[in-house]
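In: got a predicted model here, sequence first, then my questions.
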There are 2 protein chains.
Amino acid sequence: MVKNIALLGSTGSIGIQTLEVIDGLGDGYKIVALAAGSNYKLLASQVKKYSPEIAALADESATNTFQEMIKGIPCHFEQGRSGQLLAACWPSAELVVLAQVGFSGFEPLLAALKSGKKVALANKESLVIGGEILQRSGLLDPDRILPIDSEHSAIKQSWTSRKPEEIARIYLTASGGPFYGMKSTDLHKVTPDDALKHPNWQMGPKITIDSATMMNKGLEVIEAKWLFNLDINQIKVVIHRQSIVHSMVEYIDGSILAQLGLPDMRAPIQFALTYPERKVSPVTAFSPYDTTLTFTEPDYVNFPCLNLAYRAANAGGTMPAVLNGANEVAVALFLAGKLAFTSIPDLIEKVMDLHDNIKEPVFSDVIEADCWARAKALDTGAMLRERKY
Amino acid sequence: MVKNIALLGSTGSIGIQTLEVIDGLGDGYKIVALAAGSNYKLLASQVKKYSPEIAALADESATNTFQEMIKGIPCHFEQGRSGQLLAACWPSAELVVLAQVGFSGFEPLLAALKSGKKVALANKESLVIGGEILQRSGLLDPDRILPIDSEHSAIKQSWTSRKPEEIARIYLTASGGPFYGMKSTDLHKVTPDDALKHPNWQMGPKITIDSATMMNKGLEVIEAKWLFNLDINQIKVVIHRQSIVHSMVEYIDGSILAQLGLPDMRAPIQFALTYPERKVSPVTAFSPYDTTLTFTEPDYVNFPCLNLAYRAANAGGTMPAVLNGANEVAVALFLAGKLAFTSIPDLIEKVMDLHDNIKEPVFSDVIEADCWARAKALDTGAMLRERKY
């Protein structure tokens, strides 16, 4: 039986690797929908290769050029935001891979879940911001959302119990990023180039900076809360420099199950695609011989983003949206050379301090909080810049 | 619903810890049968505490004294070998814990499985010797045999797939014992006292010596072959000095699942008792913070017992019985100060070389091979002694 797949974010890092995994899996997996943001050239070549039933391009300014490029291919085309949503609930798709970056992934996630699809989710922002809304809507079914993220995939794989009360806690592992062990006095001077050198993973710039600040792990903590319906206190972070143990689940009887593998995003992607089965993969297996694995406590003082995420998770409501929105702006300012590395958490904290949290938010509340946080972060960022440069 | 348990080998190390675990689990677990070898005093006090429906004592010379001690307690008593077998298939028991040491555990295992019981198996010799017979009889149902052994319990816990073809290989971890890193020139001089000091586990003397020679891991390799229906080449051994990762399962997609915990036999015992559920346990959970875990290749040259076990497993037939019988004699001779540590593998190898292997053995064949191997080991041991002391 063929598994029909809709892939949103097909031209990004996860999207490209998803197609690579599907190529490797061979028959049995068919791309029926492809959606991308603005990279129309790559999308066009993907459409030519995979012949999906629908192609969607968010960037409307490229519509004409794109349509010209795929002329003659029997494929429905839809532009703009509505195209993304149509791809997310495309009738013949049973599994929707959501690989867009940022909060724009929330509405497609909602659309896919509401139309009864299984979702392979690489977009963490949608859960960070919209997790509470999804939970209240009863849409957070662990059997229908398969995380594409090495940590959450590891938790999913190590979660052998059907009973939530058998889980004591989970440990999300963190590599610590390129600046592990550094103090804030030195962190103040690091450049975007320094921060983009991740020791173990090849990823996009936004997530790489998030790894360096530890905000990535903070967002993953919030994501894990919703994915696995855990209390925030059940979610621990442990620094594991080698990125071999991708995360662990501790049961109430003291036993821990951990998932191990070489750092390769194709592994969690394939797990999500083939679940509940496993299939042969081109991913090189980890060989335990001559290996040393270390585990240490995170440095919450010099990397305050992690605590900001716990704070936002504890506050709930619109605060995680504010955390995420402020972080996206702060990272963009840092990458543009307009904010010091250590000012990223400062900026986020200031915006969070200023936020009037809305409990039990509806969709428009989180949208508004997100916009407010971005605007406030830009303003506040400008002030921080005046002080620090 | 109460789970009725028959415990054979109740006065040994595993038996005592099994009762401790049952005490901790509280209501819901009831001892209905207790069986022991010769420690009638301890068995009597256990009978008084747990009021089983049947008590069995193998050592017939203590029958009178024992019966005097439990006078007035409404408990059926059965002596000798038949008592052990009766306890193993006691009608009201649904789970039989087999915690005897040595090959004497085979017939009770067979009896328990034939009478439809679930078995929590701490007796590795019965699988090493009788695994092939059990498999041919269709009695090796992984859902009915729950290993009480940290390594096999770890494999069971990490085995999340229902499809054998999804398993690439398993890694059994080995602490390396007290003599890890030593060369045979030094190993030649070690004493029983040295060998009885295991770095991580508190166990009986036989298994502690087996840990020092690595034969314990060799027997576990054979045990794993039958428990999990694996090809012997799918079973790898990795030295892991810290005894935290108790074993690992590698899947065909390159993903590895591992089970971690502090070295505490109560953990696998409780897992076997509560399976498929998990319950709160007094076992301290492993905390990963400030931990270093190392994994290295075993030293097959200075610790040849491991290869002897692979050789026996590959040969099949009665050869594993010969490996086990010769090993039991060799260990006894070493503990009695009558054999050098390095002569343990020499002795076993010589006996294996002399054995005329019987393929597809029946029960009497393995009994005979076991007897033959013990006799041959005693003879050969005497000759080795003449040469080496």
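Out: Nice, I can see it. Since the model is a prediction, treat every value here as computed from it, not as a measurement.
In: buried set for stretch A:25-32?
Out: A:25, A:29-32 (16 or more other CB atoms under 10 Å in any protein chain shown). Bear in mind the C-beta positions are built from the backbone N, C-alpha and C, glycine included.
In: what's the first-to-last distance across stretch A:142-150?
Out: 16 Å (CA to CA, to the nearest Å).
In: nearest to B:Ala373, of the buried residues of stretch A:25-32?
Out: Closest approach to B:Ala373 among these (CB to CB): A:Leu25, at 50.0 Å.
In: pull the contacting residues for that closest one.
Out: A:270, A:273-274, A:279 (CB atoms under 8 Å, 6 or more residues apart in numbering or on different chains).
In: could you identify the most distant pair in those residues?
Out: Applying CB to CB across the contacts of A:Leu25, the maximum distance is between A:Leu273 and A:Lys279, 8.6 Å.
In: residue of the stretch 51-200 of chain A closest to chain B, please.
Out: Using CB to the nearest CB, A:Glu166 is the residue of the stretch 51-200 of chain A that sits closest to chain B, at 4.4 Å.
In: that residue: neighbour count?
Out: 19 (other CB atoms under 10 Å in any protein chain shown).
In: any stretches of the stretch 101-250 of chain A with poor pLDDT?
Out: Applying pLDDT under 70 to the stretch 101-250 of chain A flags residues A:198-199, A:201-202.
In: now the strands for it?
Out: Under the criterion DSSP state E, counting those that start in this stretch, strands of the stretch 101-250 of chain A are mapped to A:118-121, A:145-147, A:167-174, A:235-239, A:245-251.
In: got the domain boundaries for chain A?
Out: Following automatic domain parsing, one finds the domains of chain A at A:3-148, A:151-267+A:284-304, A:316-389.
In: returning to what we had before: roughly how far does the residue of the stretch 51-200 of chain A closest to chain B sit from A:Asp253?
Out: 8 Å (CB to CB, to the nearest Å).
In: common neighbours of these two, please.
Out: With CB under 8 Å, 6+ apart, A:Glu166 and A:Asp253 have common neighbours B:Arg278.
In: ends of stretch A:250-264, how far apart?
Out: Across stretch A:250-264, the terminal residues are separated by 24 Å (CA to CA).
In: got it, and stretch A:114-126?
Out: So stretch A:114-126: terminal residues 15 Å apart, CA to CA.
In: ok, A:Tyr275 touching A:Leu146?
Out: Yes: taking CB atoms under 8 Å as the definition, A:Tyr275 is a contact partner of A:Leu146 at 5.5 Å.
In: list the contacts of A:Phe286.
Out: A:244, A:260-262, B:254, B:256.
In: secondary structure class for it?
Out: Here A:Phe286 is recorded as coil under DSSP: H, G, I helix; E, B strand; the rest coil.
In: tell me the pLDDT of it.
Out: A:Phe286 is assigned 96 on the pLDDT scale.
In: try A:Ala382
Out: 83.
In: coming back round to it: can you lay out the domains of chain A as a markdown table showing distance to B:Gln79?
Out: Listed next are the domains of chain A as a markdown table, based on distance: least, CB to CB, whole Å:
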| stretch | distance to B:Gln79 |
| --- | --- |
| domain A:3-148 | 54 |
| domain A:151-267+A:284-304 | 37 |
| domain A:316-389 | 67 |
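In: pull the longest helix from chain A.
Out: Secondary structure assigned by DSSP state H gives helix A:363-388 as the longest helix of chain A.
In: do you know how far A:Leu293 is from A:Ser211?
Out: On the measure of CB to CB, A:Leu293 and A:Ser211 end up 19 Å apart.
In: next, find the distance separating the residue nearest to A:Ala312 when sequence neighbours are not counted from A:Leu219.
Out: Spatial nearest neighbour of A:Ala312, excluding adjacent residues (CB to CB, 6 or more residues apart in numbering or on different chains): A:Leu323 at 3.9 Å. A:Leu323 sits 8 Å away from A:Leu219 when distances are taken as CB to CB.
In: compare these two and say which is more crowded by neighbours.
Out: Between A:Leu323 and A:Leu219, A:Leu323 has the larger neighbour count (other CB under 10 Å), namely 30 against 27.
In: element containing that one?
Out: Using DSSP states H and E, A:Leu323 maps to helix A:319-335.
In: who in the stretch 251-389 of chain A is up against chain B?
Out: The stretch 251-389 of chain A comes close to chain B at residues A:251-262, A:264, A:267, A:270-271, A:274, A:277-281, A:283-286, A:288-297, as judged by CB under 8 Å from any CB of the partner chain.
In: how about the residues of the stretch 101-250 of chain A that lie near chain B?
Out: Residues of the stretch 101-250 of chain A lying near chain B (CB under 8 Å from any CB): A:157-158, A:160-161, A:163, A:166, A:168, A:171, A:238, A:240, A:245, A:248, A:250.
In: in those, find the pair that's most separated.
Out: Pairwise over these, using CB to CB, the maximum falls at A:Lys163 and A:His240, 27.4 Å.
In: more crowded one of the two?
Out: Taking neighbours as other CB under 10 Å, A:Lys163 and A:His240 compare with A:His240 leading, 25 against 11.
In: spatially nearest residue to that one (excluding sequence neighbours)?
Out: A:Thr173 is the one closest to A:His240 (CB to CB, 6+ apart), at 4.0 Å.
In: quickly list what that neighbour is bridged to.
Out: A:Thr173 forms beta bridges with A:Val238, as assigned by DSSP bridges.
In: pLDDT below threshold where in the stretch 251-389 of chain A?
Out: Using pLDDT under 70, the stretch 251-389 of chain A drops low at A:385-389.
In: do that again at 50, thanks
Out: Residue ranges of the stretch 251-389 of chain A with pLDDT under 50: A:389.
In: you'd agree A:Ser243 is up against A:Asn200?
Out: Yes: counting by CB under 8 Å, A:Ser243 touches A:Asn200, with 3.9 Å between them.
In: quickly list what's touching both of those two.
Out: A:175, A:263.
In: give the contact list for A:Leu293.
Out: Applying CB under 8 Å, 6+ apart, we find A:Leu293 in contact with A:240, A:242, A:244-245, B:292-295.
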